[in-house]
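Trainee: My questions concern the predicted model and sequence given below.
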Number of protein chains: 2
Amino acid sequence: MSKAAEILQDYGLRITPQRELIFRLLMGSKEHPTAEKIYQEVSEVFPSLSRNTVYKTLEALEAKGLVKRFNTGESADHYDANTAPHGHITCLKCRRVDDINGALSSIMDELDQKAESSSGYQVLSADLYFYGICPDCR
Amino acid sequence: MSKAAEILQDYGLRITPQRELIFRLLMGSKEHPTAEKIYQEVSEVFPSLSRNTVYKTLEALEAKGLVKRFNTGESADHYDANTAPHGHITCLKCRRVDDINGALSSIMDELDQKAESSSGYQVLSADLYFYGICPDCR
DNA sequence: TTGAATGCAAAATATTTGCATCTTC
DNA sequence: GAAGATGCAAATATTTTGCATTCAA
């Protein structure tokens, strides 16, 4: 059984070929694909795949916390199977989205605390989005 | 001439009653309304207002940097006339969105630098979104 | 008076829903 | 066998586009 399938099982999700491939693709990608991108890739393997299944699958994965959905200012949402807290950076020219892992973790706590004390909210999570120009576009 | 109208003029935007009211409403609001919310409020004053005008107006304001558009995970985008860098915090229960002003500014630079050196991007801006439970919902 | 703003209708995009069929457990 | 997943079609929600009319400068 694939790693993806194991995780699905651990989280009480049924293993179907479509679902496993969608999740596997997300786990193995650093590209934060949109639902449409996933649909296009997976439907090459399962030509009968419907977008509905992609959305339902992503919804199920999101509900279990296995993927995270986010938006960088474009129309379509992006999905990410990297569930460790991390930031994202979007290139304003080519629109690619990269992860910022680790580098920020030391400041995150401080950030959360300041947000909490200044807002009066109980802070549960934070999303950090950076915008700029990627190395390739410069 | 209203403050809002003055700013519109300064930025080379024509002053129309609809546009002025939309911008005035955004400047005077701490509620980060959606396009639909703005449409509903402004169409009470101008019953013939079309959504198109709201979107076009927001687009013009955004292009001049007078308002900022963002998304907190819901379907509709929010608009904010507070253009100074600041964070947002969304209540996961009631979905209200508050500003986090000032409190974070001291860390922002450090954050940008870490993002820049870890990603190789040239960082131009950052958006910080916090999620939690607001004082009223606790 | 001229270029931009408005309003209406229709289109485009992304996502969700209803439901019948099929599959996993 | 039952609960859940899939796929198709249609619906919804948000935003954009085309175009004729009106208005601000």
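Mentor: Structure received.

Trainee: and chain A, which residues reach DNA strand D?
Mentor: For chain A, the residues in contact with DNA strand D (C-beta under 7 Å from any atom of the strand) are A:13-14, A:16-19, A:46, A:48-50, A:52-53, A:56-57, A:60, A:75. In short, each C-beta sits where N, CA and C put it, glycine included.

Trainee: Neighbour-wise, which one of those leads?
Mentor: A:Thr57 (24 neighbours; other C-beta atoms under 10 Å in any protein chain shown).

Trainee: Stretch A:3-23: end-to-end distance?
Mentor: 10 Å (C-alpha to C-alpha, to the nearest Å).

Trainee: Tell me if it is near DNA strand C.
Mentor: Yes: for stretch A:3-23, a contact with DNA strand C is found by C-beta under 7 Å from any atom of the strand, at A:9, A:14-17.

Trainee: So which bits of that stretch are buried?
Mentor: Neighbour counts over stretch A:3-23 (16 or more other C-beta atoms under 10 Å in any protein chain shown) mark A:4-5, A:7-8, A:13, A:18-23 as buried.

Trainee: Pull the most distant pair out of the residues you listed.
Mentor: Pairwise distances across the buried residues of stretch A:3-23 (C-beta to C-beta) peak at 15.7 Å, for the pair A:Ile7 and A:Gln18.

Trainee: filter the residues of stretch A:3-23 next to DNA strand C by proximity to chain B?
Mentor: Near chain B, judged by C-beta under 8 Å from any C-beta of the partner chain, there are no entries from these.

Trainee: just the residues of chain A next to DNA strand D: which has the poorest pLDDT?
Mentor: The member of these with the lowest pLDDT is A:Ser75, and it reads 91.

Trainee: Wait, a strand at it?
Mentor: No: counting by DSSP: H, G, I helix; E, B strand; the rest coil, A:Ser75 is not found in a strand; it is coil.

Trainee: Just list what the longest helix anywhere in chain A packs against, helices and strands only.
Mentor: Using DSSP state H, we find that the single longest helix of chain A is helix A:105-119. Identification of packing neighbours for helix A:105-119 by 3 or more C-beta pairs under 8 Å, 6 or more residues apart in numbering or on different chains; DSSP states H and E yields strand A:122-133, strand B:87-91, strand B:97-100, helix B:105-119, strand B:122-133.

Trainee: bridging residues for A:Lys68?
Mentor: A:Asp80 (DSSP bridges).
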